[in-house]
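Peer 1: model this:
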Amino acid sequence: GPGGGGMAAEGDVELELETEPNGSGGGSDGAGGRAAEKPRKHDSGAADLERVTDYAEEKEIQSSNLETAMSVIGDRRSREQKAKQEREKELAKVTIKKEDLELIMTEMEISRAAAERSLREHMGNVVEALITLTN
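Peer 2: I've put the predicted structure just below:
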């Protein structure tokens, strides 16, 4: 009775053990089939990733170009600023006659600063300053 039942049960267990490898064998075939499809999906994923990377790199290049451009503009500005300051210094060194200054102010009806500026720009040459101002 029960002993025989035990034997049968053991036989079942053995049977299961035998079918399992076959089952997983079939399963791995199935997985094999799936695995064959998988690389294709993976490739498209990699391609997408590459596209994203390219895009990111492009953005980086653009922003670094912008930075370069900005620093170039910055340099140019500071150079112009320097040049202006140098020019102002040079102009300040120019000796101008008070009467020339007054003449220009009266003739051209301009402020002392404007008159002085044009005189200095023409190295104190009142005639040249006047000619430029009349043009």
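
Peer 1: from here on, contacts and neighbour counts on C-alpha atoms
Peer 2: Will do.

Peer 1: From Asn135, how far out is Ile104?
Peer 2: Using CA to CA, to the nearest Å, we find Ile104 at a distance of 14 Å from Asn135.

Peer 1: Just want to know which of the two has more residues nearby.
Peer 2: Set Ile104 next to Asn135 and count neighbours by other CA atoms under 10 Å: Ile104 wins out with 24 against 5.

Peer 1: And that one, which helix or strand is it part of?
Peer 2: Element membership of Ile104 [criterion: DSSP states H and E] is helix 98-108.

Peer 1: Contacts for that helix, please.
Peer 2: Applying CA atoms under 8 Å, 6 or more residues apart in numbering, the contact partners of helix 98-108 are 110-112, 115-116, 119, 126, 130, 133-134.

Peer 1: Helices of the chain, start to end?
Peer 2: 2-93, 98-108, 112-121, 126-134 (DSSP state H).

Peer 1: Lowest average pLDDT across those?
Peer 2: With a mean of 69, helix 2-93 has the lowest mean pLDDT of the helices of the chain.
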